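Novice: okay, structure incoming, though there's no sequence with it:
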């Protein structure tokens, strides 16, 4: 699987420093292979990775990584991948459903202290960043399912945006997954507080992004050879960085480089990409 062939940052596989990469997906597709890509690419470039997970599917990613040829469990054991479990002990106790899962995997836990949810989450992640940072190399940070904190009303949209901004300055780059299902982002005539808060956070963080990777299911239905559609596009953060670096954006080939959309297929051997119009 060579996702880097289709997703490069100024001829570099690692995103620019202090950039935010958004990975949006729907309930019918998984961003696991994107997360795998960023972990693999960072470690291969001698950069440690901090993965903060708020979803219960890390075991699936570990299993898939063995088949894809880059065993993430070994990277956790070696200290190159720092795993922070943001779900299992979030409320101070381990639910029976998860008590025996991931038990052999070194990990840290996010636990709400009751005083300040924001400070509690920040301090746990920040301590890991400080442990693996060096003068010559910052770690990368991956938030998998961090929008759960807004959906569960643990953090307000403004608090979560503050959390991301504060940590963004301490890492080389930050990847954030975001559920973009229609029900969350298109409130009804009388939207609930959940819908308002979720859409507020989603739109705000997307506008900060250097790049957006969007995954959605194949619109024509489920075809064996196709898992879904991937779109890679530039965000506002890309143009802000160009302006801050005094680069003339007009010199870039905007018409051909602003976005890329392809079909993709995830299987045991990895990920394959197809141009639209491919006949199966």
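Specialist: Received the coordinates, thanks. Computed from a prediction, not measured in an experiment: that's the story for all the values here.

Novice: would you check that residue 108 makes contact with residue 82?
Specialist: Yes - counting by Cβ atoms under 8 Å, a contact exists between residue 108 and residue 82, whose distance comes to 7.4 Å. No exception for glycine: its C-beta is placed from N, CA and C like everyone else's.

Novice: more neighbours, these two?
Specialist: Shown here are residue 108 and residue 82; by other Cβ atoms under 10 Å, residue 82 has more neighbours (22 against 18).

Novice: partners of the helix or strand in which that one is found, with directions?
Specialist: Residue 82 is part of strand 81-85 when elements are defined by DSSP states H and E. Paired with strand 81-85 in the same sheet, following DSSP bridges, are strand 49-53 (parallel), strand 108-109 (parallel).

Novice: okay, the ones you listed in a markdown table with distance to residue 127 and mean pLDDT next?
Specialist: Below are the strands paired with strand 81-85 laid out as a markdown table (distance: least, Cβ to Cβ, whole Å; pLDDT from 0 to 100):
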| stretch | distance to residue 127 | mean pLDDT |
| --- | --- | --- |
| strand 49-53 | 10 | 96 |
| strand 108-109 | 8 | 92 |
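
Novice: please identify the deepest-packed of those strands.
Specialist: When the strands paired with strand 81-85 are scored by mean count of other Cβ atoms under 10 Å, the highest mean neighbour count falls to strand 49-53 (a mean of 25).

Novice: quick one on the thing from earlier: find residues that contact each of residue 108 and residue 82.
Specialist: Residues touching both residue 108 and residue 82 by Cβ atoms under 8 Å, 6 or more residues apart in numbering: residue 128.

Novice: may I have the phi/psi pair for the closest residue to residue 178 other than its chain neighbours?
Specialist: What sits nearest to residue 178 in space, not counting adjacent residues and going by Cβ to Cβ, 6 or more residues apart in numbering, is residue 24, at 4.7 Å. Note on residue 24: backbone dihedrals following degrees, to the nearest 10 are phi -100, psi 150.

Novice: can you map out the helices along this protein?
Specialist: Listed from the start of the chain, the chain has helices (DSSP state H) covering 32-44, 58-68, 72-78, 96-99, 117-132, 148-151, 157-168, 182-185, 193-208, 236-244, 254-257.

Novice: how near is residue 180 to residue 22?
Specialist: Between residue 180 and residue 22 the distance is 9 Å, computed by Cβ to Cβ, to the nearest Å.

Novice: which of the two has more neighbours?
Specialist: Remark: of residue 180 and residue 22, residue 22 carries more neighbours, 24 against 20, as counted by other Cβ under 10 Å.

Novice: and that one, how far is that from residue 177?
Specialist: Distance, residue 22 to residue 177, using Cβ to Cβ: 8 Å.

Novice: next, count neighbours for the nearest residue to residue 137 once chain neighbours are set aside.
Specialist: If the residues on either side of it in the chain are set aside, residue 137 comes closest to residue 47, at 5.9 Å by Cβ to Cβ, 6+ apart. Here the count is done by other Cβ under 10 Å, and residue 47 has 19 residues near it.

Novice: what pLDDT does the nearest residue to residue 181 once chain neighbours are set aside get?
Specialist: For residue 181, ignoring the flanking residues on the chain, the nearest one in space by Cβ to Cβ, 6+ apart is residue 26 at 5.2 Å. Model confidence at residue 26, expressed as pLDDT, equals 89.

Novice: quick one, longest strand in this protein?
Specialist: When the chain is parsed with DSSP state E, its longest strand is strand 259-267.

Novice: angle of it against helix 58-68?
Specialist: Angle of strand 259-267 versus helix 58-68, following axes from the mean of the first three to the mean of the last three Cα atoms, to 10 degrees, is 90 degrees.

Novice: got the contact list for strand 259-267?
Specialist: By Cβ under 8 Å, 6+ apart, the list of residues contacting strand 259-267 from outside reads 6, 30, 33, 218, 225-234, 271-276, 278.

Novice: which of those residues are buried, as a ChimeraX select command?
Specialist: Written as a ChimeraX command, the selection of buried residues from the contacts of strand 259-267, which uses 16 or more other Cβ atoms under 10 Å, is:
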select :30,33,218,226,227,228,229,230,232,234,271,273
